[in-house]
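Enquirer: Just a sequence and a predicted model for now, questions to come.
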Amino acid sequence: MRSRTKVLFITHDMRSGGVERVFSEILRCLDPQAFDLHLALHRAEIVFPVPDNVTIHEIGLRKFWQFPGAVLALSRLIRTVKPDLVVPGAINPCLLLGEALRLVAERPATLAIIVNNPKREPGWRQPWARRSYRVMDGFLTLTHDLKDLAVATYNFIEPERIRVWTTGLIAEDIVAKAAVPIDDSLFDRPVLIAVARLHKQKRFDIMIDAFRRVRSQTEARLVIIGDGSLRTDLTKQIDALDLTDSVHLLGFQANPYPWLARAHMFLLSSDYEGLSTILIEAQLLGVPAVATDCPTGCSEIVSAGETGLLVPTGDPDALAAAVLTLLGDDARRRRMGEAARERAASLFDARNAMPKLAGILHDAARGGPGQ
């Protein structure tokens, strides 16, 4: 074994997304004296910073028809780099790695990250995920609930092969980033904020429907930061509900924290999550949350009634009622914000997160037991 553990991370790009943002922080925080770090990207589009000590490789996967070539490229990369450990972030990089490993004679250790409820994967992807997971050595989940779901879904994965890293990883200098000046013209009334990909999982249709009910009773704005395939559909919904003056799609923002820190509350309407980093960051900035009590993670971040309110999934009436409750009680909302800041700082401190993750990576590279 080398003096440094050589780790190859794989993800789509470093342009947007929760996994990519966390990968940026992981790569920044891992000790370069202990780790030789490599990052394989489906496409070399980089917004989130990557440290100079990380070697970046592009696989060349932008369209589905490029998948066979990307498999060959990744298998060649593994043979060339000879990593001790390969860590694919989320399901699609794992599918790619699963096929590439079949072309590699001397396989490295692998640690597949399961970030979302596997039962919610599209039907076509379930058998492919099974095929890929069968050639993985170990797994990493972000919550204990997600570990249980993975074991229940993939009965060939023994619980002891799954490591759990429940400590989130927040952005470096998040308070300083939140203090960056922005145009505050949107903050002439209470602002509700959401930050996520515009993807079906996030159920922004439910959030916008709930906001229509909120807007009928009080002055407020809904600011949504993020981009994705549903932008056109959501714009049409906003227009149809006559909310164009109070719902604002700001697109992707590399630094969403100035908007986040100034908001009255953070909204999350997902059908399912892993462990939402942006929800953790909102809590750390002292922003109370109204979030769906979805599988998994939200109930581990938000202390219901103390740092925010949890509501059922798919229920715009409940979401609207919770928002109106907090908008109608400024003192309670401020107390929740302070409690959120204290709790998040205690539970999700990077000083605790990184030593544990470093231990998991070293252990996985050596074929050690799960945690």
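Expert: Perfect, I can see it now.
Enquirer: what's the closest non-adjacent residue to Asp293?
Expert: Among residues not flanking Asp293 along the chain, Leu310 sits closest, at 4.0 Å (C-beta to C-beta, 6 or more residues apart in numbering). Just so you know, the C-beta spots here come from the backbone N, C-alpha and C atoms, and that holds for glycine as well.
Enquirer: repeat for Ala318
Expert: Ala318 sits nearest to Val311 (C-beta to C-beta, 6+ apart), 4.1 Å away.
Enquirer: How about the backbone phi and psi for the one you found?
Expert: When quoted as degrees, to the nearest 10, the phi and psi of Val311 stand at phi -130, psi 160.
Enquirer: Pull the number of nearby residues for His38.
Expert: Applying other C-beta atoms under 10 Å, we find 19 residues neighbouring His38.
Enquirer: dump the residue contacts of it.
Expert: By C-beta atoms under 8 Å, 6 or more residues apart in numbering, the contact set of His38 is Lys6, Val7, Leu8, Phe9, Val54, Thr55, Ile56, His57, Val81, Pro83.
Enquirer: Can you classify the third one as helix, strand or coil?
Expert: For Leu8, the secondary-structure state derived from DSSP: H, G, I helix; E, B strand; the rest coil is strand.
Enquirer: Okay, and the beta partners of it?
Expert: The partner list for Leu8 in beta bridges (DSSP bridges) reads His38, Val86.
Enquirer: for the chain, what's the longest helix?
Expert: What stands out as the longest helix in the chain, according to DSSP state H, is helix 330-347.
Enquirer: Show residues contacting it.
Expert: Helix 330-347 is touched from outside by 167, 170, 264-265, 280-289, 301-303, 306-308, 326-327, with contacts defined as C-beta under 8 Å, 6+ apart.
Enquirer: Apply 7 Å and report the result again.
Expert: For helix 330-347, the external contacting residues (C-beta atoms under 7 Å, 6 or more residues apart in numbering) are 264-265, 280, 283-284, 286-288, 303, 306-308, 326.
Enquirer: Most neighbours among those residues, which one is it?
Expert: Gln283 (31 neighbours).
Enquirer: what about that residue, which helix or strand?
Expert: Counting by DSSP states H and E, the element that carries Gln283 is helix 277-284.
Enquirer: and the angle for that helix with helix 330-347?
Expert: Helix 277-284 runs at 120 degrees relative to helix 330-347, counting by axes from the mean of the first three to the mean of the last three C-alpha atoms, to 10 degrees.
Enquirer: Give me the distance from helix 277-284 to the chain's centre.
Expert: Helix 277-284 sits 11 Å away from the centroid of its parent chain (C-alpha atoms, centre = their mean, to the nearest Å).
Enquirer: All good on my end, thank you.
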